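S.K.: heads up, no residue letters with this:
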C-alpha cells in the first residue's frame, strides 16, 4: 500500500508537466485562438498582455478573466481571483484589481514572467525526484541480481516481484531519458521542441508508467487470489498476469499514440490540451488503483473473518496460520505445519 500511495502522489508527473513552459504555451494558445477570429469587428481586439489572454470585446463591456493557473507556483496559500478590464473609446483600460491583489502575489515581484521562467520550483522538484529515482534504481538492480542469482528464490510470487521491479526500473530510466531529451536544448527552447525522437520518448515514458501501475495491481490481485483460491494453479495464472501487466499498457499507449497523431499532434506530446485523449492513459491507471484498493479491503475482510470465526478452534486456528504462512512466505515448498510453524514472535519482536 505504501508503493500505491507513493505512485498515486507521483501521478501528476506522468503528465510531463513543465511549469517553466506554461507562459510560452499559454501565449501560443492565446495567439492561435485570437487568429481564428475577426478582430477588426471589435472595438477592443483581444490581446496577450504577457500574463494572460484577453478575448475580443465591444465598447462598454467589462471582461473578467481568472488568474492563470501557473500563479500557483508562486502563490500556494491563497485562492486565485478574477481580474477585470473595461473596453473604452481609448481601448482597453488598466486591470482592476491589479494582478498583485487579485492573484495574491508579492508586490516586490516586478517581472512575473521572468520569475516563473526561472523555474525555481520545478528545479527543486526535479532534483528531488532525480535523487529518489536514482536511489530506487540502484536498490532495485541489487534486488533483481539477488532474485536471479539464487534458484531457491525462483517461484511465482518472486517472478511477479521481479516484473514489478523491472517496471520500476523502466520507469526510472524513462524519466532520465525524458529529462535528457527535453533539457538537452538551450534554455527555454525545450518548450517548443517537436521531434519524432521526443514524441517516441513520451510514448515510452507513458508505457513505463502504466506498466508500473498495472504490476502494482497484479501484486494485489495475486495476494487476493492466494487467499480465495483453495487450489491455485499459479503457473497458469502467471501467463495472464504477464498479459495484464505488459499487454494492457501496450494497448492503451498504442491507442493514445494513434489519437495524438490524428487529433493533437503538437509539441512533444508532453501537454494535454485535449483532455479527453489524456483519459486513455489516466483512466486505466485510476481504475487499477481503485480495483487494487477494493482488493486490499477484501483481503483484510477475509483475514478478519477467518481468524474471528467461532467455528475455528485452537488447533484449527494454528493450522490455518501455518498454512497461510507457508503459502505467502514459502510458496515453492510443501506445506508441512510441523516443519514450518508460524512464529508470532517474528511480528511481535
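M.R.: Sure, I can see it. Because the structure is predicted, anything quoted here is derived from the model rather than measured.
S.K.: which residues of the stretch 101-250 of the chain fall in strands?
M.R.: Listed in chain order, the stretch 101-250 of the chain contains no strands at all (DSSP state E, counting those that start in this stretch).
S.K.: shaky segments in it?
M.R.: Low-confidence segments of the stretch 101-250 of the chain (pLDDT under 70): 104-122, 184-193, 230-234.
S.K.: Swap in 50 and give it another go.
M.R.: 109-118, 186-188 (pLDDT under 50).
S.K.: And the longest strand seen in the chain, what does it pack against?
M.R.: Ordering each strand of the chain by length in residues (DSSP state E) puts strand 82-88 first. Other helices and strands packing on strand 82-88, by 3 or more Cβ pairs under 8 Å, 6 or more residues apart in numbering; DSSP states H and E, are strand 62-66, helix 99-102. Yep, even glycine has a C-beta here, placed from its N, CA and C like the rest.
S.K.: average model confidence for that strand?
M.R.: With pLDDT averaged residue by residue, strand 82-88 scores 88.
S.K.: Tell me which residues are up against it.
M.R.: With contacts defined as Cβ atoms under 8 Å, 6 or more residues apart in numbering, strand 82-88 is touched by 43-44, 52, 54, 57-67, 92-97, 99, 102-103.
S.K.: Show the buried residues in these.
M.R.: 44, 52, 54, 57, 63, 65, 67, 92, 95, 99, 102, 103 (16 or more other Cβ atoms under 10 Å).
S.K.: For residue 198, state which of these is nearest.
M.R.: Lowest distance from residue 198 to the buried ones among the contacts of strand 82-88 (Cβ to Cβ) belongs to residue 52, with 27.7 Å.
S.K.: my read: that closest one touches residue 26, true?
M.R.: Yes: at 7.3 Å, residue 52 counts as touching residue 26 under the criterion of Cβ atoms under 8 Å.
S.K.: Overlap of the contact sets of these two?
M.R.: Residues touching both residue 52 and residue 26 by Cβ under 8 Å, 6+ apart: residue 68.
S.K.: just to revisit the earlier point, so the longest strand of the chain versus strand 62-66, what angle?
M.R.: 150 degrees (axes from the mean of the first three to the mean of the last three Cα atoms, to 10 degrees).
S.K.: mind listing what's buried in strand 82-88?
M.R.: By neighbour count on 16+ other Cβ under 10 Å, the buried set for strand 82-88 is 83, 85, 86, 87.
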